[in-house]
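Asks: whatever this is, show me its structure:
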Amino acid sequence: MRLTLEPGGDIAALVRGAWGDSLVVMIPAALDSLAMAQARAAIGPLAIELAPATRVNAVVLAEEAQPDDVDAAVEFLEAARSTTGQVLPIGKR
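Replies: Below is the predicted model of the structure:
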């Protein structure tokens, strides 16, 4: 399931409120640097917390991220059944 973290959003509440065996959080480039660091740092602990029933990964979207590249990253993370706690940056920063 693809989840989108909104600016000012709580990543832990977003992930804990979702349901599924695979969650991919979209972290937008619009976040300030502190919010970005917090969101990236939260993925690993959330993956540990929800394992083994749910895998948690993230895609960090840069301003130049192309929709096809984002879709490919999400599809990869959804298909990689043994991958959890990973953060994939997409686009140039």
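
Asks: which helix runs longest in the protein?
Replies: In the chain, assigned by DSSP state H, the helix with the most residues is helix 33-50.

Asks: what's in contact with it?
Replies: If you take C-beta atoms under 8 Å, 6 or more residues apart in numbering as the criterion, helix 33-50 is touched by 5, 7-8, 11-12, 15-16, 23, 25, 27, 31, 55-58, 60, 84-87. (Each C-beta comes from the backbone N, C-alpha and C, glycine too.)

Asks: try it again at 10 Å.
Replies: Residues outside helix 33-50 that contact it (C-beta atoms under 10 Å, 6 or more residues apart in numbering): 5, 7-12, 14-16, 18, 21, 23, 25, 27-32, 54-58, 60, 83-87, 89.

Asks: quick one, phi/psi of the residue nearest the centre of the chain?
Replies: Residue closest to the mean C-alpha point of the chain, counted by C-alpha atoms, centre = their mean, is residue 58 at 2.0 Å. Residue 58 adopts backbone torsions of phi -140, psi 150, taken as degrees, to the nearest 10.

Asks: if I look at it, what pLDDT would I see?
Replies: Per-residue confidence (pLDDT) for residue 58: 98.

Asks: now do the contacts for it.
Replies: Residue 58 sits next to 3, 5, 11, 15, 23-27, 39-40, 42-44, 46-47, 73, 77, 85-89 when contact means C-beta under 10 Å, 6+ apart.

Asks: repeat that with 7 Å
Replies: Contacts here follow C-beta atoms under 7 Å, 6 or more residues apart in numbering; on that basis residue 58 touches 24, 25, 27, 43, 87.
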